[in-house]
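Asks: Kindly return the folded structure for what I paste below:
(one chain, ligands or ions: 2)
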Amino acid sequence: MNRRKQYSSFIKEQAKRLGFLGCGIAKADFLEEEAPRLEEWLQNGYHGEMRYMENHFDKRLDPRLLVDGAKSVISLSYNYFPSEVQEEGSYKISKYAYGQDYHHIIKDKLRELLQLINDEIGEVSGRCFVDSAPVLERAWAEKSGLGWNGKHSLLIQKQQGSFFFLAELIIDLELEYDEPFKTDHCGSCTRCIDACPTQAILPNNTVDGSKCISYLTIELKDAIPSEFKGEMQDWMFGCDVCQDVCPWNRFSQPHEESLFTPQESLLQMTKRDWQELTQETFSKVFKKSAVKRTKFSGILRNIDFIKE
Ligand code: SF4
Ligand code: SF4
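Replies: Ligands and ions are numbered 1, 2, ... in the order given. A predicted model of the protein is given here:
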């Protein structure tokens, strides 16, 4: 086995041992196909008020401008599909936010993987990214063979569906690269497009971010536009509709990450409980959670907007 192949196998083995679901590797290069798509998406204003998406345009398309000496992009997926969901009929939180904030948990694992690479292979420099704006993570995941971008613009893995986080380790070491994932297994299905409560999914595998409930309930700092009144289907933080209806998610297996387990009370809270939410309960049920991003005032704004 040549050395690059050996290194790639070692990294994939270690990624698996650290609990990652998938690991694929691509050469750090200019994302030629993505460039016009990103430009068009931004020009159409589909990023809403997420102005940070406009920054670092060149760096987002070329990891060599982001990380000194970058040679390889290692894409990793980490399962968050829960074994239990919220009470039926309550205000809803996206499943990814049930437990502790994934950013810290996954970043620690990426750092550990980089350390293992250093211990085994020698001095390797790199940077860890988790859900980070300068990296076009879905494009890299597809390029490294992990899966395809569904019509809802999320990555789908055949054996697992789409309920996982993506993360990247960009390093200055040449490796053996995976073949890009070429087949789109969505076929003629349009379930996500038909089910999206705000018609945010466009025909060309992109999402108008400015209409997506995840944006409206998390990113948007101003008042939610009145055109969405009555359209939110009880989602108060994020939205899982396009994933819940996707036939590939019938293969989702529950995660084994204890830190993603929600506080029991969170799953049991009813609409009435949410409407009477206090700062104290908010801090308790969302201790160390990504939901804290919206702050107590953000959740109150969302509940106020969606309640009848
Ligand atoms: S997350 Fe919800 S609102 Fe956003 S595209 Fe998917 S179904 Fe539509
Ligand atoms: S619901 Fe259908 S069209 Fe949408 S991502 Fe899943 S398979 Fe593709």
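Asks: Then I303 would be within a helix, right?
Replies: Yes - assigned with DSSP: H, G, I helix; E, B strand; the rest coil, I303 falls within a helix.
Asks: That one contacts K92, correct?
Replies: No - I303 lies out of contact with K92 (CB atoms under 8 Å); the separation is 11.2 Å. Using the backbone N, CA and C atoms, a C-beta is placed for each residue, glycine as well.
Asks: what is in contact with these two at once?
Replies: M236 (CB atoms under 8 Å, 6 or more residues apart in numbering).
Asks: between those two, which one's more packed in?
Replies: Applying other CB atoms under 10 Å to I303 and K92 shows that K92 carries more neighbours, namely 23 against 18.
Asks: I figured the more buried one hits V241, correct?
Replies: No - between K92 and V241 there is no contact under CB under 8 Å: 9.5 Å.
Asks: Next, show the common contact partners of those two.
Replies: Shared contacts of K92 and V241 (CB under 8 Å, 6+ apart): Q233, W235.
Asks: Can you name the residues in contact with stretch 52-60?
Replies: For stretch 52-60, contacts defined as CB under 8 Å, 6+ apart pick out L38, E39, L42, H47, L65, L66, A133, P134, V135, L136.
Asks: Residue ranges in this protein under the pLDDT threshold?
Replies: Filtered on pLDDT under 70, the chain yields the residue ranges 1.
Asks: residues from it in reach of ligand 1?
Replies: Residues of the chain lying close to ligand 1 by CB under 6 Å from any ligand atom are 152, 196-198, 200-201, 207, 212-214, 239, 241-242.
Asks: Neighbour-wise, which one of those residues leads?
Replies: Greatest neighbour count in the residues of the chain next to ligand 1, by other CB under 10 Å, goes to I213: 28 neighbours.
Asks: Setting aside sequence neighbours, what's the nearest residue to C23?
Replies: Distances taken as CB to CB, 6 or more residues apart in numbering place A15 nearest to C23, at 3.9 Å, with adjacent residues excluded.
Asks: Who are the packing partners of the helix or strand harbouring the one you found?
Replies: Per DSSP states H and E: A15 is located in helix 3-17. Here helix 3-17 touches strand 22-27, strand 72-79, helix 102-121, going by 3 or more CB pairs under 8 Å, 6 or more residues apart in numbering; DSSP states H and E.
Asks: What's the local residue count around the residue lying closest to Q199 once chain neighbours are set aside?
Replies: Excluding its sequence neighbours, the residue lying closest to Q199 (CB to CB, 6+ apart) is K211, at 6.8 Å. By the measure other CB under 10 Å, the count of residues near K211 is 21.
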